[in-house]
Every structure is written in structure tokens, then in C-alpha cells.
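Colleague: okay, sequence plus prediction incoming.
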Amino acid sequence: MIRLFNTLTRQKEEFKPISVDEVNIYSCGPTVYDFAHVGNLRAYIFADVLKRTLLYNKYKVRHIMNITDVGHLTGDRDMGRDKMEISAREQGKTAWEIASYYTDSFLNDIKELNIILPDKLPKATDHIKEMIALIEALEKKGFTYTTSDGIYFDTSKLKDYGKLAKLDIEGLKEGARVEANVEKKNPTDFALWKLSVPKGAHPELVEGSSKRQMEWQSPWGVGFPGWHIECSAMSTKYLGQPFDIHTGGVDHIPVHHTNEIAQSETAYDKPLANFWLHSEFVMIDEGRMGKSEGNLITLQELKDKGYSPLAYRYFALQGHYRSKLNFTFEALDGAQNALNNLYSTIAEYKEPKVGCAEFERQFLDAVNVNLDTPKALAVMWNMINSDYPGEAKLQSLFEFDKILGLSLKETWQELRRPLPDDIQKLVQQREDERQNNNWKKADELRKQIESAGFEIKDTDNGPLVKQKIS
Ligand code: AMP
Ligand code: ZN
């Protein structure tokens, strides 16, 4: 039995899929205006652990993750400017080039983190037709109104608006005076379609929007979709409605997911998704990691500093997805050491044989109760430190890795493969030079070994040499 914390009910609930054998998951994907930072990547590692846990429990999984390549404004409540357009202007490229470049970079990041590629990664810009159809359905039902800058959803017409976030609507009304968009009827109303060139008025709305690159014809004029309508249109297109699980970061709860629910449930008179799962933030120096906070770290930066992407995955697994995770380089060093330790431990094990049933049960219990990866890692280390034979431990580790995704099998195969004689010779020569403090010569030998396609890591037990895993 799998139990998952559902943000809708604020409770751990038994997970039961809509269809017997297949689970449908939709994950809000990246906004491709810049490199993903490692905080963003945590959200996708979490979704990957969820998916792997369901696969481990023998479900088939259909996983959709969108690519937001238009319409995500700098402010979640329809304020500010389109992040894609800003980035294009800053970098002197077209918005399409920006989208393509950062999508590729994101795909590379998730590959390096062993995140199983979603079955589909639909782009918002390829689904404008579906979004327009959805807005028309809402218009027909009388839930929309026009302002000088677009078409808005009237949230006051919904009795249960804000149920996901348990929004304090009265409190929001109080705060409405600070809203710049005075044309909105209610502070929680949100844009479904924005016009490229607003009719008249507000300088905040006109600024920067007059020369948009990404815009489309619509029944309401030339413009672009709101961020929320994108996910409503794409999730329903690929998964139907309702589908099983919707994931995202906690910041999506009060606005983005609240508005997805409002639109989709109004349009089709049925729930959008049964389970809503949200991952917490990665923090740095006690603040949220983010672009506007100016404290972000990318996976590339970690690699440049010598960390392996899977050390970051290990680091993320050490925290529960519903807890904030404090990023420090000391903690990442700890994760890298633990991972290296794990690799050098498994290198000692011979062929896998009948696993450790007792620990496999404990591991499954840990992940099946709301994806408790810190507990699962603890079970793994308890097993490694137990008296079971190495072959049994290896068998179970390969099972665990179906969820952990730390490349244990591939690494074990690489580590156990005998080194070619010429490489063995170079490694030995390098060791001799190191013993004699000839660091320059040792360094040259390292480079020679590396250019032959091998990685060399110095451990307390001597050098660990393995073929590079591409
Ligand atoms: P974005 O590309 O800005 O649309 O965000 C992608 C994902 O990253 C969303 O699911 C956000 O909730 C999540 N996210 C943003 N900042 C952080 C952070 N500091 N830690 C964890 N997740 C984050
Ligand atoms: Zn979304």
C-alpha cells in the first residue's frame, strides 16, 4: 500500500489509481528562460522518486511534464513581464532561441541526475489552439471578463475558489489595495489571455509588452496565454480529467495550482487531479534559492567544482521532499563522500544473489509511506553494515537503486571490469610518482589516463579507476 500526502486534504491518504494498472502523473515543468538551478532540480528529483516508487510497486506510469516557453510573468499574479521575452532582450536572441537553448540544457541536467525522461514534454507554444478552446469554454459558461489588457477569470463566481491553498479570500480582499491592476474585479482573478498591446491605460502593463516576439491571433486579439491555462490545457489533453497525481513546488499552491483547478474544474465540472503533491524549497543562507534572490547555483557549477551530478541527487534524497533542504557545500561534500563510499563498498561485492528480504521490506515500507527517502537511505546503510553476505547486499542494492537512481549497477559493472594492462601500468606509475612527491609527473599521468577514457579518484584505499560513465 502506498500512502501519499495530498495537499488537497492535508493528509496522508492511501493511493488508489483511477485505472487499475496505470498511473497518470502531470508535473509542472521548467520555465525555459535561464538555466535551472539546483533548487528547481530538486522538484524534478522528487517527481522522479514518486514515479520510480510507483514503478517499483508494479504500476505502469504515464508521466507528462510541460515546458513553459511563453507566458510565465515575473509576478505570479499577472504582474510584470514575460520571463522569456526579458531573457531574449537581455541576451540579444529571439525568444524561440532562448527556449530551445534552455530546454536542451534542462534535458541535459535531468539526464545527468538520472531522472527518467517523462513520456512527453509538451511545449506551451505548441498548444495555443487547446488553450484558446479552453478559454472559450470558460467564456461560454460566463466565468470570464475583459479588461484593457486581456481576458480574466472571475474567481468570485466559484464557491470553492482557493480550496487547495485554503486561501483566505477576505484577507486577500483586504490586501487588494496594493494591487496595481485595478481593472481586476477581485484580487484573486487571473489572466487567461493577455493582449500583446493593451488597449490604452496602465504604464506598468504597457511597458515592455509592446514589442513581443511570441504572440498569436485569438478571438480576443493578438496576444499570449496566461501561465495557468497552459498546464490546464496540456494536462487534460494528454491525461484526461481527472488524472491521478499533479506535482509541483510549494510555491505553486496559492496561485498557479489554485488557478489550474479553478479553470479546469469549471470547464469540465469534474476534479482536475485526485492527488496534489508539492515539494519544499532548497534554501541557501536561510533564504530560498532563486534567480531574483541572486543566490542560485546550477548543476554545471557543481560539476565545475568537481562534484558529480549524482552527489547532488544523493544530497536531495537525504531530505524528505516535504521539508526545506539547506544547501551548503559542506553538506554536498558529505553527500559526495557517502556516494563515493557506496561505490567503493559495492566494488568489493561479487555477483548479486538472493537479496536481504528483511531490509527490502523495510526499504519498501519507507518509500511507500510518502516517499521517505532519508529513511530509505538509512535502511540501505543498515543493510550494508549488517552481516549479510556481499552478494545478497548487492542484489538488494540493485533493487533499491530502481528508486534511488544512483547508477549502482552501471558503476558496479564498471568498477568490476578489469583495467586494460596499459592503463593499469599508468596507474601504478602515477602512484609511484605520488609516493615520491613528483606531483607534476603524477598530474601528467592522470591526464593521460583520463584522455584514454578513464576516471581516477584517490581514496583512502588507493586510487579508484573506472571507465568514464557517459
Ligand atoms: P520555474 O522554472 O521557475 O517554473 O520553476 C521550476 C520548479 O522549481 C517549480 O516546481 C518550482 O516550484 C521549483 N522551485 C523554484 N525555486 C525552488 C527552490 N529554491 N527550491 C526548490 N524548488 C524550487
Ligand atoms: Zn503548471
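Modeller: Nice, I can see it. Numbering: from 1, shown residues only. Ligands and ions are numbered 1, 2, ... in the order given.
Colleague: spit out the contact partners of Ile98.
Modeller: Val32, Tyr33, Met84, Ser87, Ala88, Gln91 (C-beta atoms under 8 Å, 6 or more residues apart in numbering). In this view, the C-beta of every residue, glycine as well, is placed from N, C-alpha and C.
Colleague: closest to Tyr388 out of the residues you listed?
Modeller: Tyr388 lies nearest to Val32 out of the contacts of Ile98, by C-beta to C-beta, at 46.0 Å.
Colleague: give me the three-state assignment for the nearest residue to that closest one once chain neighbours are set aside.
Modeller: Distance criterion C-beta to C-beta, 6 or more residues apart in numbering; nearest residue to Val32, sequence neighbours excluded, is Tyr102 at 3.9 Å. Following DSSP: H, G, I helix; E, B strand; the rest coil, the label given to Tyr102 is helix.
Colleague: what distance do you get for Tyr102 to Ile169?
Modeller: Separation of Tyr102 from Ile169 (C-beta to C-beta, to the nearest Å): 36 Å.
Colleague: and what of Arg288?
Modeller: Applying C-beta to C-beta, the value for Arg288 to Ile169 is 25 Å.
Colleague: please apply the same query to Leu426.
Modeller: Distance of Leu426 to Ile169, given as C-beta to C-beta: 69 Å.
Colleague: now name the helix or strand holding Val354.
Modeller: Assessed by DSSP states H and E, Val354 sits outside every helix and strand.
Colleague: so it touches Gln395, yeah?
Modeller: Yes: using C-beta atoms under 8 Å, Val354 is in contact with Gln395, at 6.2 Å.
Colleague: looking at these two, which is more packed in?
Modeller: Between Val354 and Gln395, Gln395 has the larger neighbour count (other C-beta atoms under 10 Å), namely 19 against 11.
Colleague: residues touching Gly39, list them.
Modeller: Phe281, Val282, Arg288, Met289, Gly290, Leu296, Phe327.
Colleague: sec struct for it, please.
Modeller: Per three-state DSSP, Gly39 ends up helix.
Colleague: hmm, back to that, more neighbours: Arg288 and Ile169, which one.
Modeller: When Arg288 and Ile169 are compared on other C-beta under 10 Å, the one with more neighbours turns out to be Arg288, at 18 against 14.
Colleague: quick one on the thing from earlier: out of the contacts of Gly39, which are inside helices?
Modeller: Using DSSP state H, no member of the contacts of Gly39 sits in helices.
Colleague: need the residues you listed in TSV with distance to Lys16, can you?
Modeller: Below are the contacts of Gly39 laid out as TSV (distance: C-beta to C-beta, whole Å):
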residue	distance to Lys16
Phe281	30
Val282	31
Arg288	34
Met289	35
Gly290	36
Leu296	38
Phe327	36
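Colleague: for ligand 2, what's its nearest residue on the stretch 301-450 of the chain.
Modeller: Tyr321 (17.4 Å; C-beta to the ion).
Colleague: ok, now how distant is that residue from Trp276?
Modeller: Taking C-beta to C-beta, one finds Tyr321 at 13 Å from Trp276.
Colleague: with neighbour numbers in mind, choose between those two.
Modeller: Tyr321 (25 against 22).
Colleague: residues near Trp381, how many?
Modeller: Trp381 has 13 neighbouring residues, counting by other C-beta under 10 Å.
Colleague: doesn't Asn40 make contact with the residue nearest to Val32?
Modeller: No: applying C-beta under 8 Å, one finds Tyr102 not in contact with Asn40, separated by 11.3 Å.
Colleague: who touches both of these two?
Modeller: Overlap of the contact sets of Tyr102 and Asn40 (by C-beta under 8 Å, 6+ apart) consists of Pro30.
Colleague: could you list the domains of this protein?
Modeller: Annotated domains of the chain cover 3-279, 305-415, 421-467 [automatic domain parsing].
Colleague: adding mean pLDDT, write those out as CSV.
Modeller: Shown next, in CSV, are those (pLDDT from 0 to 100):
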stretch, mean pLDDT
domain 3-279, 92
domain 305-415, 97
domain 421-467, 91
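Colleague: now distance to ligand 1 too, for these, in JSON lines please.
Modeller: Output for these, formatted as JSON lines (distance: least, C-beta to the nearest ligand atom, whole Å):
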{"stretch": "domain 3-279", "distance to ligand 1": "2"}
{"stretch": "domain 305-415", "distance to ligand 1": "8"}
{"stretch": "domain 421-467", "distance to ligand 1": "29"}
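Colleague: quick one: buried residues of whichever helix or strand Asn108 is part of?
Modeller: Assessed by DSSP H and E, Asn108 sits inside helix 95-112. By 16 or more other C-beta atoms under 10 Å, the buried positions in helix 95-112 come out as Ala95, Ile98, Ala99, Tyr101, Tyr102, Thr103, Ser105, Phe106, Leu107, Asp109, Ile110, Glu112.
Colleague: where do the helices sit along the stretch 201-350 of the chain?
Modeller: Assigned by DSSP state H, counting those that start in this stretch, the stretch 201-350 of the chain shows helices spanning 203-206, 227-239, 258-268, 299-304, 309-317, 329-346.
Colleague: between the ones you listed, which one is nearest to Arg52?
Modeller: helix 309-317 (11.1 Å).
Colleague: okay, the angle between that closest one and helix 95-112?
Modeller: Counting by axes from the mean of the first three to the mean of the last three C-alpha atoms, to 10 degrees, helix 309-317 lies at 80 degrees to helix 95-112.
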